[in-house]
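K.L.:
Sequence first, then the predicted structure, then my questions.
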Amino acid sequence: MTSAALRDRLHSLWASLTDPGMDQRLLSDNVVPSKFLIDNNITLTSDVFSFSNTAADNLNKKPPVLFLLRPQNIITEHPIDFKDEFFTLAAEEGAPEDDPSPATQVKKILDHEWMFFYRGASLAHYIEDWAMDGYPRWLPTGCPNLATLCGIHGVATPHALNVETRGFQRSGRSLNIQWETRIYEYNKKRPNGSTLYPHLILLGVQSCNGNANTISLGELTSIVTAMRCRAYQSATFNEQAILVGDAKQSANGDPAPDREDRLAFKDEKRFPVIMVSLIGPQHVRVIYACMDGSKLFIRISGFHKIQPTDEMIMRNIAGVLLSRPLVEST
């Protein structure tokens, strides 16, 4: 499959998923019907995403899994630093910070948020603080957070990926279909300053219950949007022009680059994405997706219940969000 054909394939699939008429085709709990998956050459298979897998294990899968999950010691070896001024200054001023542990914070969220989407959004905010770049931890000198230690940073607007693109999120009234997506990428750059790895890490929130061996509209649309935006991402990007208002990123992205050699990932065939998906009522699952020729191949885990008493689940979530990128041999 040529690079141009792959981009067209991703754009066409993105257009179908973001079409308003897609809502009428969904099953209960926003499940994408199997007929849509079959008709659009999408394979959905279950996976356990074992933390004991080696790089060779993942690369030898067909198609390969191009991420390596980090073990729980990424958290246990870098505990929260309660001697940091984040905590000490607040205590000195008579307004000490809340206990940041999952036992306290997850319980507080579950007790106060009863709607799936808002519960998930609050959990996502806490997970990002706890696992990525919020609470201070014991880290090497000069390293501000776990995400930086693992060579990862969040993607925000303005960015060449164009996070304004329709499909990364969907808002609405409380009873409508909603989702939101936090996006992360690896820091490593090419000599020209463009991102080296096409891999993307997503932390998604869904407004629906989860159903085993299925995928929801929000999960699939977020993944395809990420892959489609990566496929059309420019190798150069004028962030300043957007910041000062001389240019604007479109909610539809740019499906027709004027020259293929100006694309950041013009020769990429996989566009790998790994997603932590928070889904009702208080569950999480992992989804991995990549292209396999013209086929979109998706691996999806079972559900795990998020509970205040089970910090292991939170550590596993961190291990996914802080994954290492893997690259196929050429």
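P.N.:
That came in fine, so what should we check first? Numbering: from 1, shown residues only.
K.L.:
can you pull out the strands in the stretch 101-250 of the chain?
P.N.:
152-154, 179-186, 200-209 (DSSP state E, counting those that start in this stretch).
K.L.:
Most tightly packed of the ones you listed?
P.N.:
strand 200-209 (a mean of 24; mean count of other C-beta atoms under 10 Å). From N, CA and C alone the C-beta is placed, and that goes for glycine too.
K.L.:
For that one, name the packing helices and strands.
P.N.:
helix 116-127, strand 179-186, helix 217-231, strand 273-280, helix 311-321 (3 or more C-beta pairs under 8 Å, 6 or more residues apart in numbering; DSSP states H and E).
K.L.:
Present those as TSV; the columns should include distance to residue 237 and mean pLDDT.
P.N.:
Converted to TSV, the helices and strands packed on strand 200-209 look like this (distance: least, C-beta to C-beta, whole Å; pLDDT from 0 to 100):
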stretch	distance to residue 237	mean pLDDT
helix 116-127	26	96
strand 179-186	13	97
helix 217-231	12	97
strand 273-280	20	97
helix 311-321	24	97
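K.L.:
Residue 47: which of those is closest?
P.N.:
Minimum separation from residue 47 across the helices and strands packed on strand 200-209 (C-beta to C-beta) falls at strand 273-280, 11.1 Å.
K.L.:
Who does the most centrally placed residue in the chain form a beta bridge with?
P.N.:
Geometric centre of the chain, nearest residue: residue 202, 0.2 Å, by C-alpha atoms, centre = their mean. Beta bridges link residue 202 to residue 183, residue 275 when assigned by DSSP bridges.
K.L.:
Residue 199 is in contact with residue 67, isn't it?
P.N.:
Yes - the pair residue 199 / residue 67 is scored as a contact, 6.7 Å apart, by C-beta atoms under 8 Å.
K.L.:
who touches both of these two?
P.N.:
Both residue 199 and residue 67 are in contact with 272, 274, 325, where contact means C-beta atoms under 8 Å, 6 or more residues apart in numbering.
K.L.:
So what does the last one have for phi and psi?
P.N.:
Residue 325 adopts backbone torsions of phi -80, psi 140, taken as degrees, to the nearest 10.
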